[in-house]
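Enquirer: Have a look; sequence and predicted model below, questions after that.
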Amino acid sequence: MARVVVMGAGVSGHTASTFLKKWLGNEHEVIVVTPNSKWNWIPSNIWVGVGQMTKKDVTFDLAPVYEKAGIDYKQAKAVSIHPEGGEKTDKPYITIEYTDPSKAGETEEVTYDYLINATGPKLNFAATEGLGPDNGYTVSVCTADHATHAAEEFNKLKDRMRKGEHVKILIGTGHGMCTCQGAAFEYIFNIEHELRQAGLRDKATITWISNESFLGDFGIGGLHIKRGGYAASSKLFAESLFAERDVSWIIGAHVSKVEEGKVHYELLDGETGVEEFDFSMLIPPFAGVGLKAYAKDGSDITDTLFAPNGLMKVDADYTPKPYEEWKASDWPRTYQNPTYKNIFATGIAFAPPHLISKPMKSPNGTPINPTPPRTGMPSGIIGKTVAQSIVDMINGASEPTHHASMAEMGAACVASTGKGLFNGTAAALTVYPVVPDFEKYPGLGRDLDYTFGEIGLAGHWIKHILHHMFIWKAKLKPGWALIPE
Amino acid sequence: MAEAKHSEHVHHIKPYSPEFETMVPTGIVKFLRTCVIWQFIRFIIINIKMLIVVQKSHH
């Protein structure tokens, strides 16, 4: 009997563990270690953050789902990896610390034959002074609880506006090295829509602030869409939406400090500025969750398993090289750790070889560029791919059998505005591949037949369907395995 | 007057502002975004395209 341990139960970890159990059956053991008691459909946190949904609508308890699937579920956080075993055993293991209230603080060693690191990111609010809802002055929509708090603050803001106050709203990224511009993009237009619906739009100045060097970069170096006989840049489409909705923008910005009602920022040209706000949602930068790794003799080998940012090294080409020399083949295909072949990292937990957007710095040396997005569809596909490889390796394959390079993978993204079936719209977007391949698609880097986008009700309906479909899938309801990632 | 009605969504734009220097949707584009019949057709097409992208992404 083989034992597979999955650290994390987000999109990638949950996809991996549920498919592993489905394919391996009761002959083998699947263990999930996650500090969370609930699964969260994060894309719908945007609707929670404007009060159109509640936490209950976007989360469910993991325990009954894993019990039904036959997966051993440990509500605990992973602390360290011991890939060579330790003093007492030669078998590799991880140490965990329970967050389950009934065992809070207890530790345990969990041995494994195969390990998947799908821990997702640490929301690194501490990278920017004054950032975030806990020790700062901005709200967040990164978790369901954060989004609930954001909706409460937004309601208070609307009350002030109803009394005649004119307010300033600032939404975007809270550091020069953030990813997930798409979430902030969706949130700003939901806020704008809600104010319009409430008849309060004229009482707000809404501003976007982001680390993108141009609007529509989205951390993937922008994209091109066929329209009117042209392949038009996403810059045009993004600017068009901001112009139409009367939202101004500050781009190429590293938010250096947040104070009550004030954001300090530095721009790519070295200029600094201050933007005042009454309500601000800024996405934090991501980092690894801080896992440590130890060799059999107890020496620290964290640097062997992890990149300096805490994300796990996989089969990518990490050789430092200039943007002009980046290739699609730099990107990992199997997500297997090069040193310990029974360890894999999926979703946000794997270390990308480099950015997708062109690296940029201000004259002061401050890096200001989006980091690569790995959420949603890529996370799910990578999780399933790794599960397929591990199943084959348990059954005798000597190496991973499936691959899912982000340079050979597309992504669909739906950024919805509003929640009503007939008064909302959405930008529905697909990009293929996620990482541009300038050798295969010279010039624009992507296949224009499968990279497209448009705004309308249709995308909005798709967003609604995705919400229900993916929660259905994650709950392992009938037919769940047929729903694509 | 009719022209003004179909361009309400751009009335706030000031000459030589960043918003003035980009493209903006015309009235017909705005109308089609919420035209249920047109959007139902687009719904089918977008779904097919997305399914092809999903299929091309699994190896």
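Expert: Perfect, I can see it now.
Enquirer: Any idea how far apart the tips of stretch A:61-77 sit?
Expert: With Cα to Cα, to the nearest Å applied, stretch A:61-77 spans 17 Å between its terminal residues.
Enquirer: can you count the residues close to A:H354?
Expert: The local packing of A:H354 (other Cβ atoms under 10 Å in any protein chain shown) involves 22 other residues. For the C-beta atoms, the positions are set from N, CA and C on the backbone; glycine is no exception.
Enquirer: which residues of chain B score low on pLDDT?
Expert: B:1-6 (pLDDT under 70).
Enquirer: in it, which spans are helices?
Expert: Remark: helices assigned in chain B by DSSP state H are B:2-6, B:27-33, B:36-57.
Enquirer: Next, format the ones you listed as TSV and append distance to A:T15.
Expert: Shown next, in TSV, are the helices of chain B (distance: least, Cβ to Cβ, whole Å):
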stretch	distance to A:T15
helix B:2-6	46
helix B:27-33	33
helix B:36-57	14
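Enquirer: so which helix or strand takes in A:K473?
Expert: In the assignment (DSSP states H and E), A:K473 maps to helix A:457-474.
Enquirer: which parts of that helix are buried?
Expert: Residues of helix A:457-474 classed as buried: A:457-464, A:466-467, A:470-471, A:473-474 (neighbour count, 16 or more other Cβ atoms under 10 Å in any protein chain shown).
Enquirer: now swap in stretch A:239-248 and tell me
Expert: For stretch A:239-248, by 16+ other Cβ under 10 Å, it's A:239-247.
Enquirer: ok, now stretch A:67-86?
Expert: Quick answer for stretch A:67-86 (16+ other Cβ under 10 Å): A:69, A:71-78, A:80-86.
Enquirer: got a list of what the closest residue to B:N47 other than its chain neighbours touches?
Expert: Closest residue to B:N47 in three dimensions, ignoring its sequence neighbours and counting by Cβ to Cβ, 6 or more residues apart in numbering or on different chains: A:I462, at 6.9 Å. Contacts here follow Cβ atoms under 8 Å, 6 or more residues apart in numbering or on different chains; on that basis A:I462 touches A:414, A:426, A:428, B:43, B:46-47, B:50.
Enquirer: Just send those residues back as JSON lines, with distance to A:F350 too.
Expert: As requested, these are arranged in JSON lines below (distance: Cβ to Cβ, whole Å):
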{"residue": "A:V414", "distance to A:F350": "24"}
{"residue": "A:A426", "distance to A:F350": "29"}
{"residue": "A:A428", "distance to A:F350": "27"}
{"residue": "B:F43", "distance to A:F350": "34"}
{"residue": "B:I46", "distance to A:F350": "30"}
{"residue": "B:N47", "distance to A:F350": "30"}
{"residue": "B:M50", "distance to A:F350": "24"}
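Enquirer: List just the nearest of those residues to A:D315.
Expert: B:M50 (28.2 Å; Cβ to Cβ).
Enquirer: out of everything not next to it in sequence, what's closest to the closest one?
Expert: In space, B:M50 is closest to A:A412, 4.8 Å off (Cβ to Cβ, 6+ apart).
Enquirer: from what I can see that neighbour touches B:I52, true?
Expert: No - using Cβ atoms under 8 Å, A:A412 is not in contact with B:I52; the gap is 10.5 Å.
Enquirer: Of those two, give the one with the bigger neighbour count.
Expert: A:A412 (22 against 15).
Enquirer: Can you work out which other helices and strands pack against the strand or helix carrying the more buried one?
Expert: Element membership for A:A412 (DSSP H and E) is strand A:411-417. Packing partners of strand A:411-417 (3 or more Cβ pairs under 8 Å, 6 or more residues apart in numbering or on different chains; DSSP states H and E): helix A:181-197, helix A:377-394, strand A:425-431, helix A:457-474, helix B:36-57.
Enquirer: And the longest one, what does it pack against?
Expert: I take that to be helix B:36-57. helix A:377-394, strand A:411-417, strand A:425-431, strand A:452-456, helix A:457-474, helix B:27-33.
Enquirer: touching chain B at all, the shortest one?
Expert: To tie it back to what came earlier, the one meant is strand A:452-456. Yes - Strand A:452-456 reaches chain B (Cβ under 8 Å from any Cβ of the partner chain) through A:452, A:454-456.
Enquirer: Please tabulate those in CSV, including the columns pLDDT, neighbour count and distance to A:I225.
Expert: CSV is the format used below for the residues of strand A:452-456 next to chain B (pLDDT from 0 to 100; neighbours: other Cβ atoms under 10 Å in any protein chain shown; distance: Cβ to Cβ, whole Å):
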residue, pLDDT, neighbour count, distance to A:I225
A:F452, 92, 21, 6
A:E454, 91, 21, 8
A:I455, 92, 24, 11
A:G456, 93, 22, 14
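Enquirer: now, which of those sits nearest chain B?
Expert: A:G456 (4.2 Å; Cβ to the nearest Cβ).
Enquirer: thought the closest one was touching B:R42?
Expert: Yes - assessed by Cβ under 8 Å, A:G456 is found in contact with B:R42 at 6.0 Å.
Enquirer: Parallel or antiparallel, list what pairs with the helix or strand bottoming out on mean pLDDT in chain A.
Expert: None of the helices or strands of chain A scores lower by mean pLDDT, DSSP states H and E than strand A:411-417, at a mean of 87. Strand A:411-417 pairs in its sheet with strand A:425-431 (antiparallel), by DSSP bridges.
Enquirer: related to what we said a few turns ago, and the least confident helix or strand of chain A, which residues are buried?
Expert: Neighbour-count burial for strand A:411-417 [16+ other Cβ under 10 Å]: A:411-417.
Enquirer: Could you check the angle that strand makes with helix B:36-57?
Expert: 150 degrees (axes from the mean of the first three to the mean of the last three Cα atoms, to 10 degrees).
Enquirer: Next up, the contacts around the residue lying closest to A:F185 once chain neighbours are set aside.
Expert: Using Cβ to Cβ, 6+ apart and skipping the chain neighbours, the partner closest in space to A:F185 is A:A415 (5.8 Å). Residues in contact with A:A415 (Cβ under 8 Å, 6+ apart) are A:182, A:185-186, A:189, A:426-427, A:429.
Enquirer: can you redo those residues as JSON lines with neighbour count?
Expert: Below are these laid out as JSON lines (neighbours: other Cβ atoms under 10 Å in any protein chain shown):
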{"residue": "A:G182", "neighbour count": "23"}
{"residue": "A:F185", "neighbour count": "26"}
{"residue": "A:E186", "neighbour count": "25"}
{"residue": "A:F189", "neighbour count": "25"}
{"residue": "A:A426", "neighbour count": "25"}
{"residue": "A:A427", "neighbour count": "23"}
{"residue": "A:L429", "neighbour count": "24"}
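Enquirer: among those residues, which two are most distant?
Expert: It's A:F189 and A:L429 that sit farthest apart of the contacts of A:A415, by Cβ to Cβ, at 13.5 Å.
Enquirer: residues touching residue 40, list them.
Expert: By default, I'm working from chain A. Contacts here follow Cβ under 8 Å, 6+ apart; on that basis A:N40 touches A:10, A:58-59, A:143-144.
Enquirer: could you do chain B instead?
Expert: A:A458.
Enquirer: Neighbouring strands - and their directions - for the longest strand seen in chain A?
Expert: When chain A is parsed with DSSP state E, its longest strand is strand A:72-82. In the sheet, strand A:72-82 lines up against strand A:29-34 (parallel), strand A:93-98 (antiparallel), strand A:292-293 (parallel) (DSSP bridges).
Enquirer: what's in contact with the second one?
Expert: Read that as strand A:93-98. Counting by Cβ under 8 Å, 6+ apart, A:5, A:7, A:33, A:74-82, A:85-86, A:104-112, A:115 sit against strand A:93-98.
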